[in-house]
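[1] Here is a sequence with its predicted model. Questions after.
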Amino acid sequence: MSGTRPRWRRAAVAVALGVVAVTTLTLVLLRSADPVTVARHDYRFTVPDGWSEAGGDPDLLEVRIAPDGSAGPEAVLVQQTRLGYDSAATPRRGPGEIAELLAAEDPAEYSGFHPAARFAGRDIVRYRQRPGDGSTVEWYVLFERTVQVSIGCRAKPSAAAEVERACRNVVASLQVRP
């Protein structure tokens, strides 16, 4: 009987080590599959797969993300503006201010203003900018109490679908702390 006891212990140790190995591997794989979240200023969002943080301007409360390895202009810019009023109490004020600013700009550069649109399941203000380098920037603006977050999605026509997917991801995952 003493000969069966060590085999049983060896089998139990082997099973335990196997469970530990499988659990560790699973945790490592799950952790590496976790989405990357950018949490800056008063907002946070999930970075789409294949994209990474590529700069920004802390003074402007902005973060820029771009496709991994991209040398083109493709990017998503997320910028915060602190408001001196509560946008929930005066919901037309923010879109009205954007409309006034755009009316003073060159209509060849800014177009497609929609003060009340939907994108990625969110109520947004939307307009388009053509900076003159062959790219287009689709702007999606969200208001959350005392915070305005503008998401600019810049792409040349050949990458428009990829950038729109990334933009949709950022807008849908955006959380604002007013």
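    Everything's here; your move.
[2] quick one, domains of the chain?
    Listed by automatic domain parsing, the domain ranges of the chain are 1-34, 35-176.
[3] among those, which is the most enclosed?
    Looking across these with neighbours counted as mean count of other Cβ atoms under 10 Å, the highest average goes to domain 35-176: a mean of 16. Placement of C-beta: from N, CA and C, glycine included.
[4] Find the helix or strand that the residue nearest in space to the middle of the chain is a member of.
    Nearest to the geometric centre of the chain sits residue 170, at 2.7 Å (Cα atoms, centre = their mean). If you go by DSSP states H and E, residue 170 is part of helix 160-173.
[5] cool, residue 98 as well?
    Per DSSP H and E: residue 98 is located in helix 93-103.
[6] Determine the set of other helices and strands touching the helix or strand just after the helix holding residue 170.
    For helix 160-173, the succeeding helix or strand toward the C-terminus, using DSSP H and E, is strand 175-176. Packing partners of strand 175-176 (3 or more Cβ pairs under 8 Å, 6 or more residues apart in numbering; DSSP states H and E): strand 43-47.
[7] could you give the angle of the strand it packs on to helix 160-173?
    Angle, strand 43-47 to helix 160-173, by axes from the mean of the first three to the mean of the last three Cα atoms, to 10 degrees: 140 degrees.
[8] Can you tell me the strand partners of whichever helix or strand comes after strand 43-47 and which way each runs?
    Downstream of strand 43-47, the first helix or strand assigned by DSSP H and E is strand 51-53. Sheet pairing of strand 51-53 (DSSP bridges) gives strand 62-67 (antiparallel).
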